[in-house]
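Chemist: Structure here, sequence nowhere to be found:
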């Protein structure tokens, strides 16, 4: 360990932002909190990006570690204890002041604070809490704050943090318990999942409390129903974790109005361990359904420590391999389908076909395997069915449903609404007619849907037909070994 | 010629009031909507043959009538679309408003969802475009922080290394006498001290938007910075949104002509801003993951035209 005295603020920022950069989450979405007319800051539900780094990722939060000193030895992490790198620690005052001054200049939307684990999980969490409380209470900062939950910190501290932060996250790191054990020997699912459950329960309790007290004057039947439904059953509905009530951990003085209002997120590293897409997506679905997560992030593995036991994902020029980035992209596409398009993992992948099709996106792939559902008549189909059509998104489906109340829609109108006709045209009819006569077979449509640049090149020309041979026709048996 | 009539081209003033006055004139004239066209005065482009150009002066009373009719008959959401459209920089904005209003007043339908009509789908496009521009500038607007004494000209050394201009006598203890480092990173023993420090400053930013959006940026930043005094100057349209903490904000026009002093202050800079920019650049540069470099994606998310005032892109060739 390199011990350096008297680091300047510039040095510290350099070290501690480099140490935090591999955390993917930089969203500022999920909570709409207007200003209070007195102190600095508000948040917008859609989120705001203030800069874009040269890797195309949005920079919207001051993403730093409190310290990069760490007692853990995770093989994928640049800050692991055995690495000989410069170490630094921010004081809470420095973090708060940097955030305030950046925020006033509109550089950032808020703060993302994480920390190495030093000297104990509890103490790292407490130091982060000190910085957050300073920011919220002394400087009256009302912008976005994302804090990492440190596995192994005490519940009382996590509870207090939840009342000052907007989003909290705890990284699952790897999709399966075995991989986690192999790569991060100091972490285990036993220390990761209970805090996640704890925050989920806290949020539920907070929502119920709100339902009871939000409209004290007017009788609100839906809020009443909600309160009846959740009030008594809360401990049971969160099976497998410690059930908490607000009574055991009181809301701290001068806290924000809600407990972790923007919800929780997590992150998984892909490409370091041999899990397939089906396993990853199943874990994701479980996290959304059972743990009420807002987002799951996927991070392509980069072998920063040059660990010989882990795969090298960068190519000769030091860029991440195209295949891994494509895979990450497919995972995000599928993630969106789970959250906004009412798909389930079983719709997209099966144990027999556990990986995504690299030629077309998961939604096209689904449509091609379910041609019995298509084509869909735009002027009659239900909203849910419209969502399943490739090229129609959440917004355009809504616009179609709204627009067809006043008029019958045609292909031209769909274009104006924002439907991506390039893909949708093979799966829809307007006034019971398709735009072109199309032969509805999987092979034929796949050929239309593959992007031009992805088609295989043979003899200088893009392949537009499939070479048939006797093996395909079943007339000959493939010799052994092929 | 259609029906042998001369086409009337109504030249409206460049404001919602002007456009609505022209709409009112078009209705009152009973000349027939098919023979009218509304354009913004000064943006006629190539003159058309066989048409009569008529200047329509703004008439608050007539415009007010149309405005109230839109509000009561077509709803507030439609009104918002019309307002955004009038602020946009598109040449056809007056004509789109005119055609959408004819359609709305004549038919008792949910007019905003009647996307089949060209004028309505164009109205949606324009609205989306203006909204996008507003969103981009809420993202990429950058503020510089000045000392309030710069406004009154008490401090001569605003440019260069002139510091932040605090008189040692008037600052609270802990801030004063900090010649070794900028005042901003000193310890404040209470929140009140920091508030006093911030109250002596004001924020300025420059935008170069395609549409006249400062009046739309004002409510956003008013909500975000209620405790700050700020000024957002639109270089292209020579407008500024000005906000004073605890007092409220307004939009000023013809700024460079009427308040040249303001423009001079906006262009000045001080060492504290430079230090914060440097810190920001350090952060920005280290956040970049070299293995994932993707300049094309960066360019599509952050077009070059926004980069002018962004510290992290200064002096870099993209």
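Modeler: That came through fine. Predicted, not measured: the structure shown is a model, and the values here were computed from it. Numbers count the residues shown, from 1 in each chain, chains lettered A, B, ... in the order given.
Chemist: which residues touch the closest residue in space to residue A:103 that isn't next to it in sequence?
Modeler: Leaving aside its sequence neighbours, residue A:103 sits nearest to residue A:143 (Cβ to Cβ, 6 or more residues apart in numbering or on different chains; 5.6 Å). Quick note: C-beta positions are derived from backbone N, CA and C, even for glycine. Taking Cβ atoms under 8 Å, 6 or more residues apart in numbering or on different chains as the contact definition, residue A:143 lies against A:40, A:41, A:42, A:43, A:99, A:103, A:108, A:109, A:110, A:111.
Chemist: What is the nearest of these to residue A:13?
Modeler: Nearest to residue A:13 among these is residue A:99, at 11.8 Å by Cβ to Cβ.
Chemist: Give me the distance between the closest one and chain B.
Modeler: Residue A:99 sits 11 Å away from chain B, going by Cβ to the nearest Cβ, to the nearest Å.
Chemist: Give me the distance between the two termini of stretch B:7-23.
Modeler: With Cα to Cα, to the nearest Å as the measure, stretch B:7-23 spans 15 Å from end to end.
Chemist: Quick check: closest non-adjacent residue to residue B:290.
Modeler: residue A:318 (6.5 Å).
Chemist: typo on my end, it should be residue A:420
Modeler: residue A:391 (3.8 Å).
Chemist: so that neighbour sits right up against residue A:422, yeah?
Modeler: Yes: under the criterion of Cβ atoms under 8 Å, residue A:391 makes contact with residue A:422 at 6.7 Å.
Chemist: Which one of these two is surrounded by more residues?
Modeler: Taking residue A:391 and residue A:422 together and counting by other Cβ atoms under 10 Å in any protein chain shown, residue A:391 has the greater number of neighbours (21 against 12).
Chemist: got the phi/psi numbers for the more buried one?
Modeler: phi 90, psi -10 (degrees, to the nearest 10).
Chemist: how far away is it from residue A:337?
Modeler: Counting by Cβ to Cβ, to the nearest Å, the gap from residue A:391 to residue A:337 is 14 Å.
Chemist: Neighbours of residue 150, how many?
Modeler: Using chain A. Residue A:150: 25 neighbours (other Cβ under 10 Å).
Chemist: you looked at the wrong chain, it should be chain B
Modeler: By the criterion of other Cβ under 10 Å, residue B:150 has 23 neighbours.
Chemist: Tell me the predicted confidence for it.
Modeler: What the model reports as pLDDT for residue B:150 is 73.
Chemist: what helix or strand does it sit in?
Modeler: Residue B:150 is located in helix B:149-152, with elements delineated by DSSP states H and E.
Chemist: got the contact list for residue B:257?
Modeler: Taking Cβ under 8 Å, 6+ apart as the test, what residue B:257 contacts is residue B:238.
Chemist: The helix or strand containing it: which residues count as buried?
Modeler: Assigned by DSSP H and E, residue B:257 belongs to helix B:255-258. Buried residues in helix B:255-258, counted by 16 or more other Cβ atoms under 10 Å in any protein chain shown: residue B:255.
Chemist: Run the chain-centre distance for it.
Modeler: Centre-to-centre, helix B:255-258 and its host chain are 16 Å apart (Cα atoms, centre = their mean, to the nearest Å).
Chemist: next helix or strand past that helix?
Modeler: Later in the chain than helix B:255-258, the nearest helix or strand by DSSP H and E is helix B:260-267.
Chemist: what's that next one packed up against?
Modeler: Applying 3 or more Cβ pairs under 8 Å, 6 or more residues apart in numbering or on different chains; DSSP states H and E, one finds that helix B:260-267 contacts strand B:201-207, strand B:229-234, helix B:255-258.
Chemist: domain assignment for chain A?
Modeler: Using automatic domain parsing, the domain ranges for chain A come out as A:9-340, A:362-462.
Chemist: Quick check: end-to-end length of the longest one?
Modeler: So the one you mean is domain A:9-340. End-to-end for domain A:9-340, by Cα to Cα: 43 Å.
Chemist: quick check: mean pLDDT across that domain?
Modeler: For domain A:9-340, mean pLDDT rounds to 85.
Chemist: surely residue B:105 meets residue B:78?
Modeler: No: using Cβ under 8 Å, residue B:105 is not in contact with residue B:78; the gap is 11.0 Å.
Chemist: Looking at the two now, which is surrounded by more residues?
Modeler: The neighbour comparison of residue B:105 against residue B:78 (other Cβ under 10 Å) goes to residue B:78, with 20 against 16.
Chemist: Looks like the more buried one contacts residue B:70 (just checking).
Modeler: Yes: using Cβ under 8 Å, residue B:78 is in contact with residue B:70, at 6.5 Å.
Chemist: Quickly list what's touching both of the two.
Modeler: Residues touching both residue B:78 and residue B:70 (Cβ under 8 Å, 6+ apart) are residue B:104.
Chemist: gap between residue B:63 and residue B:12?
Modeler: Here residue B:63 is placed at a distance of 10 Å from residue B:12 (Cβ to Cβ).
Chemist: Could you do residue A:360 as well?
Modeler: Residue A:360 is 50 Å from residue B:12, by Cβ to Cβ.
Chemist: Please say which of these two ends up with more neighbours.
Modeler: Comparing residue A:360 with residue B:12 by other Cβ under 10 Å, the one with more neighbours is residue B:12, at 30 against 21.
Chemist: mind listing what the more buried one touches?
Modeler: B:18, B:19, B:21, B:22, B:38, B:39, B:40, B:41, B:56, B:58, B:94.
Chemist: and it, what are its bridge partners?
Modeler: As for beta bridges, residue B:12 partners with residue B:40 under DSSP bridges.
Chemist: Now do the same for the residue nearest to residue A:375 when sequence neighbours are not counted: helix, strand or coil?
Modeler: In space, and not counting its chain neighbours, residue A:375 is closest to residue A:429: 4.8 Å by Cβ to Cβ, 6+ apart. Three-state assignment for residue A:429 (DSSP: H, G, I helix; E, B strand; the rest coil): strand.
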